[in-house]
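>>> The following comprises the amino acid sequence and a computationally predicted model.
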Amino acid sequence: GAGVSQSPSNKVTEKGKDVELRCDPISGHTALYWYRQSLGQGLEFLIYFQGNSAPDKSGLPSDRFSAERTGGSVSTLTIQRTQQEDSAVYLCASSYSGPLEQYFGPGTRLTVT
Amino acid sequence: GENVEQHPSTLSVQEGDSAVIKCTYSDSASNYFPWYKQELGKRPQLIIDIRSNVGEKKDQRIAVTLNKTAKHFSLHITETQPEDSAVYFCAASTNTGNQFYFGTGTSLTVIP
């Protein structure tokens, strides 16, 4: 079946602009995670959605970052007033629920110039 | 919060030898420990996981051990092959699974 998809695959933006990154999880997966992976670094947790519960936003690095998950499916990560340090690969993952195998999307490579 | 440390950051082994990657964690509430493999330019994929009610789990050439008292867990790859070359990440999570804390990764190179 279809895996996790993300769009766009690459995004180049100017410093100060807003960007939206999209994630389509696997159908039926109630848990959705966003991570940030800087070059040569590990996976930094950003935010977690579980069903209709309030999201865990504790990993968001600043108030310029926000995320939504509409209808318990598609999620959008928004970065406002982008900075050069926001340049990274943003990965989305989904799972059936909680601490089970996470299926990762291909990522969005964001470059802020 | 949880802090996961992973060592070594890079590891080179001869084909056929074993490779061991170690991780430590700080939160005693963590009880789910997955390992992910990320090949160059690709997404991370789960290769094995262990829960705190077991001490060891094997899957063919891959094994993971867990020592809850010492708060460390390790990945063991035996009879390494060139296709094992990748970056490996350990992670720790709790029952609620609301946060996964990943290690910084180990770049494994298997030399033919």
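Perfect, I can see it now. Numbers count the residues shown, from 1 in each chain, chains lettered A, B, ... in the order given.

>>> Please identify the helix or strand for the spatially most central residue of chain A.
When Cα atoms, centre = their mean is applied to chain A, the residue found nearest the centroid is A:Trp34 (3.4 Å). Assigned by DSSP states H and E, A:Trp34 belongs to strand A:31-37.

>>> Identify the residues contacting that strand?
Around strand A:31-37, the neighbours that count as contacts under Cβ atoms under 8 Å, 6 or more residues apart in numbering or on different chains are A:23, A:25, A:43-51, A:61, A:67, A:69, A:75, A:77, A:88-98, A:100, A:102, A:107, B:97, B:100, B:102. All C-beta atoms are positioned from the backbone trio N, CA, C, and that covers glycine.

>>> one more time with 7 Å, if that's ok
Contact partners of strand A:31-37, identified using Cβ atoms under 7 Å, 6 or more residues apart in numbering or on different chains, comprise A:23, A:25, A:43-50, A:67, A:69, A:75, A:77, A:88-95, A:97-98, A:102, B:97, B:100.

>>> who's the residue nearest to the centre of chain A bridged to?
A:Ile47, A:Cys92 (DSSP bridges).

>>> Next: B:Glu5.
Taking DSSP bridges as the rule, B:Glu5 bridges to B:Thr24.

>>> My guess is it contacts B:Thr24. True?
Yes - using Cβ atoms under 7 Å, B:Glu5 makes contact with B:Thr24 at a distance of 5.0 Å.

>>> Look at those two and report which has more neighbours.
B:Thr24 (18 against 13; other Cβ atoms under 10 Å in any protein chain shown).
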